[in-house]
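>>> this one's structure only:
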């Protein structure tokens, strides 16, 4: 418990530092005194104040929410499937949510944030259902290799559907931003829709740790202690669908966050999900804020979306992990 407290304090301090780093530095650096003025005496006519309040701040908030969502969904899926390679991006859930988003653009040309979130949820649910039907009723099975193969197949399938819909209904311009994963265009309106759902989901997640620990011991042990394994899996997957759909509706389908962050946290704290889940939430948020900030400063005034940054880090990480586990 002492180690958990120290790690949580370190991550919290790092989060504060990264927050101010991302707020003050970018294509143009902004001094702290100007940021203080933007909060205490906001001037709508001041362009720098507008950048702070309506561009950088919602972008940082969205980056934290998205990072924590993708990271903790990875941790939950790894606990439910007992597979350290489970991740909503690798398993096609994010791509399914992207299909839902494409359908929303077709049905609602002037897409509202609540509509984007709803259709992303539906797409994520569809992808999750396909994934578990495919692994349960085929020879693939829910082995690490089988799950990855099924996920890659589904991800490719849903990505192809998104591309077809994009070409057929001329959605390239609307969907281009979401396909590469970036927080540059996130607004306060979107965050107002997403944040209440996010907070409710976090409340549920923090109560799942003990149940996931019991699942790790086996269904028989969980049943003997009065728990219902299938109910735990159902609630866990419902939360995964909710968070993955919500994150995709903000920034698009981003992979590898849910693979990397839980793996690092487990290496630091062990396999207790009561500790893994809260630490993963904070660490995932920090990672994406940092990735988004790096994407802003490496080639100003142009930006590299953090989805690309995650792929550059995540692909080598996945290859090393597969090699170590000899899959």
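On my side now, so go ahead. Note that this is a predicted model, so its numbers are computed, not measured.
>>> Let me know the secondary structure of the spatially most distant residue from the centre of the chain.
Residue farthest from the centre of the chain, counting by C-alpha atoms, centre = their mean, is residue 45 at 34.9 Å. Here residue 45 is recorded as coil under DSSP: H, G, I helix; E, B strand; the rest coil.
>>> quick one: pLDDT of it?
We have a pLDDT of 89 for residue 45.
>>> Same check on residue 134?
According to the predicted model, the pLDDT of residue 134 comes to 80.
>>> burial of the closest residue to it other than its chain neighbours, as a residue count?
Counting by C-beta to C-beta, 6 or more residues apart in numbering, residue 150 is the residue found nearest to residue 134 once chain neighbours are left out, at 4.8 Å. C-beta coordinates here come from the backbone N, C-alpha and C atoms, glycine included. Around residue 150 there are 22 other residues, counting by other C-beta atoms under 10 Å.
>>> where's residue 150 relative to residue 90, distance?
Separation of residue 150 from residue 90 (C-beta to C-beta, to the nearest Å): 10 Å.
>>> Repeat that for residue 13.
Per C-beta to C-beta, residue 13 is found 31 Å from residue 90.
>>> next one: residue 208
21 Å.
>>> My understanding was that residue 240 contacts residue 79; is that so?
No - judged on C-beta atoms under 8 Å, residue 240 makes no contact with residue 79 at a distance of 10.5 Å.
>>> List of residues touching stretch 224-241?
Contacts of stretch 224-241 with the rest of the structure, by C-beta atoms under 8 Å, 6 or more residues apart in numbering, involve 73, 76-77, 79-80, 88, 93, 121, 124-125, 128, 132, 201, 204-205, 208, 211-212, 214-215, 219, 222-223.
>>> on that earlier part again, between residue 13 and residue 90, who's got more neighbours?
A count of neighbours by other C-beta under 10 Å puts residue 90 above the other of residue 13 and residue 90, at 24 against 10.
>>> That one against residue 151, yeah?
Yes - look at residue 90 against residue 151 with C-beta under 8 Å: they come within range, at 5.0 Å.
>>> So for stretch 19-33, first residue to last residue, what's the gap.
Using C-alpha to C-alpha, to the nearest Å, the end-to-end distance of stretch 19-33 comes to 16 Å.
>>> Buried residues, it. List them.
Neighbour counts over stretch 19-33 (16 or more other C-beta atoms under 10 Å) mark 19, 22-23, 26, 30 as buried.
>>> Tell me the gap between it and the middle of its chain.
Averaging C-alpha positions (C-alpha atoms, centre = their mean, to the nearest Å) puts stretch 19-33 24 Å from its chain's average.
>>> Kindly report the same for stretch 253-273.
The mean C-alpha position of stretch 253-273 is separated from the chain mean by 12 Å, C-alpha atoms, centre = their mean.
>>> Over to stretch 74-92?
How far stretch 74-92 lies from its chain's middle: 12 Å, per C-alpha atoms, centre = their mean.
>>> Any regions of the chain where pLDDT drops low?
In the predicted model of the chain, residues 139-145, 173-174, 176-181, 325-327 satisfy pLDDT under 70.
>>> For it, which residue occupies the most central location?
The centroid of the chain falls nearest to residue 70 when counting by C-alpha atoms, centre = their mean (2.0 Å).
>>> what helices or strands is the helix or strand containing that one leaning on?
For residue 70, the host element (DSSP states H and E) is helix 57-81. Using 3 or more C-beta pairs under 8 Å, 6 or more residues apart in numbering; DSSP states H and E, the elements in contact with helix 57-81 are helix 2-24, helix 188-205, helix 209-217, helix 229-251, helix 257-269, helix 273-297.
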